[in-house]
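Peer 1: Build me a structure from this.
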Amino acid sequence: MTRTPWRAIPVLLVLASLSLLSTERRVESVPLYAARTGLMCQSCHFDPNGGGPRNEFGFAFARNRHALTPEDSTSAFHDLALVNRVGDAMPLYIGLNHRFMLFTNQYKSEDSLARLGFFNMENAVHLTFQPHPRLTLVYSFDAFSTGPSNAVRQKEGFAMISGFPWDGYIKAGRFRNPYGLRLDDHTVATRTGFLDFSTGQSFLPYDPRFPDMGVELGADRGGLFSRAAFTNGEADAFNGQYANAKSIKIGYNHPYYQGALSFYDNYNKESFSGLKRETRWGYYGLTHWKSAALIGEVGAGTNEAEPAPGLATGPKTNLLAGYVEGDYAPSHTTNLRVRWDHEVLDKSSDAARDASTHDRYALEGEWVPVPFAELRGAVRRIKHKDDAAFGFPDETQAFLQLHLSY
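Peer 2: Next comes the predicted model:
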């Protein structure tokens with residue numbers, strides 16, 4: 001197999017992003033909040049891909065308990081006048097993100113709970129400095145990390161220069177990969193999956209909760225948008241390796257629909273994981289009607305193992321994953337969700353497919369009793385197509401989570 005064409009991918013990514021540069025970026029609402037956010041990502045966040053610290057508009061949206069308009073006069077919070085910006089002469093934005101949960105699970109072969117306890121998921125502190133609209137510096141840290149280095153503690157740290165002709169931007173530093181949707185639940189089938197307490201296998205070849213290092217280009221043209229990134233992947237330049245992870249996302253946004261195609265490829269010239277190449281393709285779409293929303297994503301990919309001496313290619317494993325969820329919001333402070341996740345992590349044979357096919361069914365709810373505090377609860381059932389071959393029984397999970405954000 002020749003590898004020469006892959007060397008041109010960084011150039012193709014740049015061209016794909018620049019090809020969409022032609023008109024001003026629109027800031028318009030989409031139904032994503034009914035599925036989780038309700039606005040175009042760059043409307044509420046400094047990062048055009050969403051997540052991380054909020055800008056002033058996004059902060060006001062959270063202060064209003066996920067509403068575009070302020071609380072009415074009957075609410076105890078209608079006169080809440082908090083801001084996240086220090087001031088005009090010091091354009092520093094401060095944000096916090098804390099997730100604390102009570103978790104339990106049970107296997108069908110056991111009469112008692114397998115585990116029950118509290119878990120501190122995240123303690124992020126966000127600092128954003130924006131001396132003018134065309135320059136944004138974002139730094140996110142885990143406030144209580146016990147990691148051995150600042151690289152572990154620092155989640156994101158990037159500079160973004162925007163306001164180029166046709167509203168393009170370039171981002172450089174540590175940031176999360178732009179592949180697919182940026183979700184606050186990393187356990188969906190198209191991310192790290194839901195096999196935490198069995199094999200730990202996942203669909204993505206990287207952990208979407210942690211950043212990679214590199215550069216990203218982005219642009220919008222009317223309803224079209226694109227993102228392209230060139231990052232390290234598994235490579236470490238200080239050990240004589242080459243950055244080889246490429247990502248691209250191209251999509252379309254309309255007030256009642258958003259969808260995008262994504263591609264990710266990581267070629268390891270010197271593999272330490274036993275994998276020579278990891279590729280993923282995906283598509284997501286979301287829509288809404290009144291207080292209901294539908295969101296889904298499907299992904300496929302191939303892992304190529306390190307080839308044996310004398311061979312150009314190694315054994316390949318094909319993967320498939322997807323999920324679909326329906327959301328209903330009785331009010332702007334509550335949301336109910338049903339979700340189905342499906343993943344097949346090895347399609348090399350019928351036996352391998354049966355042993356690596358898994359489904360998860362979930363019922364979840366969220367309530368925002370006061371601004372900046374959200375209570376979440378979920379019951380999830382995990383079923384394996386062939387649990388005997390897989391080696392683990394079916395599982396039921398439940399959790400209660402307190403999510404604090406500012």
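Peer 1: Tell me the strands beside the longest strand along the chain, with direction?
Peer 2: Counting by DSSP state E, the longest strand found in the chain is strand 115-132. Neighbouring strands of strand 115-132 in its sheet, by DSSP bridges, are strand 92-107 (antiparallel), strand 135-142 (antiparallel).
Peer 1: what's the closest of the ones you listed to Ala114?
Peer 2: strand 92-107 (5.1 Å; CB to CB). Using the backbone N, CA and C atoms, a C-beta is placed for each residue, glycine as well.
Peer 1: Show residues contacting the longest strand of the chain.
Peer 2: With contact meaning CB atoms under 8 Å, 6 or more residues apart in numbering, strand 115-132 is reached by 46, 52-53, 91-105, 136-145, 155, 197, 401.
Peer 1: Now do the buried residues in it.
Peer 2: 121-126, 128, 130 (16 or more other CB atoms under 10 Å).
Peer 1: wait, which of the residues you listed is closest to Ser202?
Peer 2: Of these, the one sitting nearest to Ser202 (CB to CB) turns out to be Met121, at 17.1 Å.
Peer 1: where in this protein is pLDDT low?
Peer 2: 1-40, 143-154, 271-272 (pLDDT under 70).
Peer 1: Most distant residue from the centre of it?
Peer 2: Gly310 (38.9 Å; CA atoms, centre = their mean).
Peer 1: Gly193 versus that residue, what's the distance?
Peer 2: Using CB to CB, to the nearest Å, Gly310 is found at 35 Å from Gly193.
Peer 1: on that earlier part again, pull the longest strand of the chain out as CSV, backbone CA atoms only.
Peer 2: C-alpha atoms of strand 115-132 as CSV (Å, rounded to 0.1, in the frame of the first residue of the first chain):
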residue,chain,number,x,y,z
ARG,A,115,-20.3,-0.8,43.2
LEU,A,116,-21.7,2.2,44.8
GLY,A,117,-19.9,5.4,45.6
PHE,A,118,-19.2,9.1,44.8
PHE,A,119,-17.0,10.2,42.0
ASN,A,120,-15.6,13.6,41.2
MET,A,121,-15.6,13.8,37.4
GLU,A,122,-14.3,17.3,36.8
ASN,A,123,-13.1,20.4,38.5
ALA,A,124,-12.2,22.7,35.7
VAL,A,125,-11.2,26.4,36.0
HIS,A,126,-11.4,28.4,32.7
LEU,A,127,-9.5,31.6,32.1
THR,A,128,-10.0,33.5,28.9
PHE,A,129,-8.3,36.7,27.9
GLN,A,130,-9.6,38.6,24.9
PRO,A,131,-7.7,41.9,24.5
HIS,A,132,-9.7,42.6,21.3
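Peer 1: Could you tell me how far that strand lies from the centre of the chain?
Peer 2: 15 Å (CA atoms, centre = their mean, to the nearest Å).
Peer 1: Ok, stretch 385-392 next?
Peer 2: With CA atoms, centre = their mean, you get 29 Å for stretch 385-392.
Peer 1: Just after the strand or helix carrying Glu364, pick out the following helix or strand.
Peer 2: Per DSSP states H and E, Glu364 falls inside strand 357-370. Once strand 357-370 ends, the next helix or strand along the chain (criterion: DSSP H and E) is strand 373-384.
Peer 1: Quick one: residues contacting Thr317.
Peer 2: By CB under 8 Å, 6+ apart, the contact set of Thr317 is 302-303, 305, 345-348.
Peer 1: Look up how far Asp142 lies from it.
Peer 2: In terms of CB to CB, Thr317 sits 33 Å off from Asp142.
Peer 1: residues in contact with the most centrally placed residue in the chain?
Peer 2: The residue lying closest to the centre of the chain (CA atoms, centre = their mean) is Arg182, at 2.7 Å. By CB under 8 Å, 6+ apart, the residues touching Arg182 are 41, 49-51, 176, 208.
Peer 1: If you rank those by neighbours, which is first?
Peer 2: Arg176 (25 neighbours; other CB atoms under 10 Å).
Peer 1: if I look at that one, how far off is Phe197?
Peer 2: Arg176 sits 25 Å away from Phe197, taking CB to CB as the criterion.
Peer 1: right, and the strands paired with strand 115-132 - which one's nearest Thr333?
Peer 2: strand 92-107 (18.6 Å).
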